[in-house]
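J.: model this:
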Amino acid sequence: MARFVNVAAGQLGPIARAETRTEVVARLMALMRQAKANGCDLIVYPELALTTFFPRWYFEDQAEIDGFFEREMPGAETQALFDLGREIGIGFYLGYAELTVEAGVTRRFNTSILVDKSGTILSKYRKVHLPGHAEHEPWRTFQHLEKRYFEPGTGFGVIDVFGGTMGMAICNDRRWSETYRVMGLQGVEMVLIGYNTPVHNPPAPEHDDLSLFHNHLVMQAGAYQNGTFVVGVAKAGVEEGVDHIGGSCIIAPSGEIMAACTTKGDEIALARCDLDLCNSYKRTTFNFDVHRQPRAYGLIVERRGVSIMADGTPVRSKR
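T.: The predicted model follows:
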């Protein structure tokens, strides 16, 4: 029996700094209703979907920073989204800034959750690949201080839900092949990814014209090389003066884009995903049990990056 999951990419346009959680949640709920009206089982929202992308600013007041974080989920403002999902019978992926106290230590993560049709949180993921920088760099047109405001998560788990095996990632994670492969080795059939990606890259402006191409390139490669669907969803448009790419899309295990948003505003893209299509790739070209050679890949985990000697030449692996 075929296993179909009807998915909506729930793209958001810009969120102003002055916009309240209640106003943002109302926008999320409107997209959720559209998705349900089109027969969807699941809607995927962007990274940090409840606020403006605050790492673009350098703050010294920790209380001001913490105003962008959620201390509980659901909270007073987000409960309505959970209630609606349960009422109409649709699940969702939601990205947000998480503040938690663990063993007496306050910790802050860039987080996403996967919620089922009953409004129950089934899985939580904390972003591993934090981009940007940790200190104030005033030469930039805008900051990207994720390394200052968040600590990295620890891994890529999967969960069986919606009739298949689902995994999560966030924004910069999508650029790293290890993200997809770790989940692929667990049999993932759909990877859900929210992102906020500026068009302009201050350290490498020569990449600006390629930002949308790179966005699709990495997700399509990850889908094909691991025989999985990938759902990538943007917060797009000009937000507090910074232009962000859109390009929200749903990608098949073939690497083909099945559906995509065409604006930079609040919009949904829809696809009916037959999870059994994954088997065509998982059992042939990318049959890991048959074709992978882990003994040859040791350097991937033994070394973090290229080591440079005093004369500037890279250290090569020993043969």
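J.: Make sure Pro253 is indeed in a helix.
T.: No: if the criterion is DSSP: H, G, I helix; E, B strand; the rest coil, then Pro253 is coil and not within a helix.
J.: State the distance from it to Leu48.
T.: 28 Å (CB to CB, to the nearest Å). Where C-beta positions appear, they are placed from N, C-alpha and C, glycine not excepted.
J.: As a check, name the ranges of all strands in the stretch 101-250 of the chain.
T.: For the stretch 101-250 of the chain, the strands defined by DSSP state E, counting those that start in this stretch occupy 105-115, 121-126, 158-161, 164-170, 190-195, 229-234, 237-239, 242-244, 249-251.
J.: Just the C-alpha atoms of the second one, please, in PDB.
T.: So that's strand 121-126. What follows is strand 121-126, C-alpha atoms only, in PDB (Å, rounded to 0.1, in the frame of the first residue of the first chain):
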ATOM      1  CA  ILE A 121       5.400  17.600  20.200                       C
ATOM      2  CA  LEU A 122       7.000  14.400  18.900                       C
ATOM      3  CA  SER A 123      10.600  15.500  18.200                       C
ATOM      4  CA  LYS A 124      12.900  18.500  18.900                       C
ATOM      5  CA  TYR A 125      16.000  19.400  16.900                       C
ATOM      6  CA  ARG A 126      18.700  22.000  17.800                       C
END
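J.: Can you give the contact residues for that strand?
T.: Applying CB atoms under 8 Å, 6 or more residues apart in numbering, the set of residues contacting strand 121-126 from outside is 73, 98, 109-116, 152-154, 156-157, 159, 161, 166-170.
J.: same thing with the longest one?
T.: When contacts are taken as CB under 8 Å, 6+ apart, the neighbours of strand 105-115 outside the stretch itself are 47-48, 66, 69, 73, 82, 85, 91-101, 121-127, 130, 146, 149-151, 153, 159, 161, 166, 168, 170-171, 192, 194.
J.: Likewise for stretch 12-19?
T.: 24, 27-28, 31, 45-46, 49, 51-54, 234-240, 244, 263-266.
J.: so where's the stretch 201-319 of the chain shaky on pLDDT?
T.: Within the stretch 201-319 of the chain, the stretches with pLDDT under 70 are 316-319.
J.: make it 50
T.: Scanning the stretch 201-319 of the chain for pLDDT under 50 picks out the ranges 318-319.
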